[in-house]
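A.B. asks: Sequence below, structure please.
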Amino acid sequence: MKKFVIGGLLGLLIPVGYTLAQPVPSTQPVKPVTTPKPTTIRLRDNSTLTADKLIPQAKILAWVNKKAVIKSIKLLHFGEHLATRKKVVGIESENPEISSNRLVYELITELTDFTIPRAGHFDRATITTIIDAETGEALSSDIDAPPGAFQSNRGNALPPREQWKNE
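C.D. replies: Numbering: from 1, shown residues only. From the prediction side, this is the model:
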């Protein structure tokens, strides 16, 4: 008789426990899972273009700040720029929207005594700007400054690189 009572109680409790453990339906709509869209190359390989289809260097140089000293300007593939930048900075980078065979101008200028709003002031710096040779679009700019040449507007400028190891 005890087996029958225990079996009967288990028979009643298991279905009740099972229904209690079911998830409560949410009142908020469920967002569908989306897969990320593959990145499309926005600036395709243009390495077969002739010089007359590219923006002339003189036009690029005319856009340069009059206070800047032009160190160099050269036509190269975007992939060559990335490889050079990796050697200088030590970090590999890429831009999946730009073909590595895209022709770009690498413009290197030096500028003294200039301010970037909401960032800070540079006593001097070297600026490397990458400009698309076909459209004239500025693709990237890197600012390299010697230790102590940057003063932050926020008052918490990074210490010179020599001190990084000691902290």
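A.B. asks: where along this structure do the strands fall?
C.D. replies: Counting by DSSP state E, the segments of the chain that form strands are 69-77, 103-116, 120-132, 138-144, 150-152.
A.B. asks: okay if I get those strands as TSV plus mean neighbour count and distance to residue 62?
C.D. replies: Where you see a C-beta, it was placed from the backbone N, CA and C, and this is true even at glycine. Below are the strands of the chain laid out as TSV (neighbours: other Cβ atoms under 10 Å; distance: least, Cβ to Cβ, whole Å):
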stretch	mean neighbour count	distance to residue 62
strand 69-77	14	11
strand 103-116	17	12
strand 120-132	18	12
strand 138-144	15	14
strand 150-152	14	28
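A.B. asks: which residues does the residue nearest to the spatial centre of the chain contact?
C.D. replies: When Cα atoms, centre = their mean is applied to the chain, the residue found nearest the centroid is residue 95 (7.8 Å). By Cβ atoms under 8 Å, 6 or more residues apart in numbering, the residues touching residue 95 are 78, 139-140.
A.B. asks: before we move on, what about residue 110?
C.D. replies: Counting by Cβ under 8 Å, 6+ apart, residue 110 has contacts 68-69, 71, 124-127.
A.B. asks: coming back round to it: ok, now how distant is the residue nearest to the centre of the chain from residue 104?
C.D. replies: Remark: distance between residue 95 and residue 104 (Cβ to Cβ, to the nearest Å) = 11 Å.
A.B. asks: With residue 79 instead?
C.D. replies: In terms of Cβ to Cβ, residue 79 sits 10 Å off from residue 104.
A.B. asks: What ranges does the chain have for its helices?
C.D. replies: For the chain, the helices defined by DSSP state H cover 2-20, 57-62, 78-89.
A.B. asks: The shortest one: which residues count as buried?
C.D. replies: The one in question is helix 57-62. Neighbour-count burial for helix 57-62, counted by 16 or more other Cβ atoms under 10 Å, picks out 57, 60.
A.B. asks: roughly how far out does it sit from the chain middle?
C.D. replies: The gap between where helix 57-62 is centred and where its chain is centred comes out at 27 Å by Cα atoms, centre = their mean, to the nearest Å.
A.B. asks: for stretch 103-117, same thing?
C.D. replies: For stretch 103-117, the distance to the chain centre is 19 Å (Cα atoms, centre = their mean).
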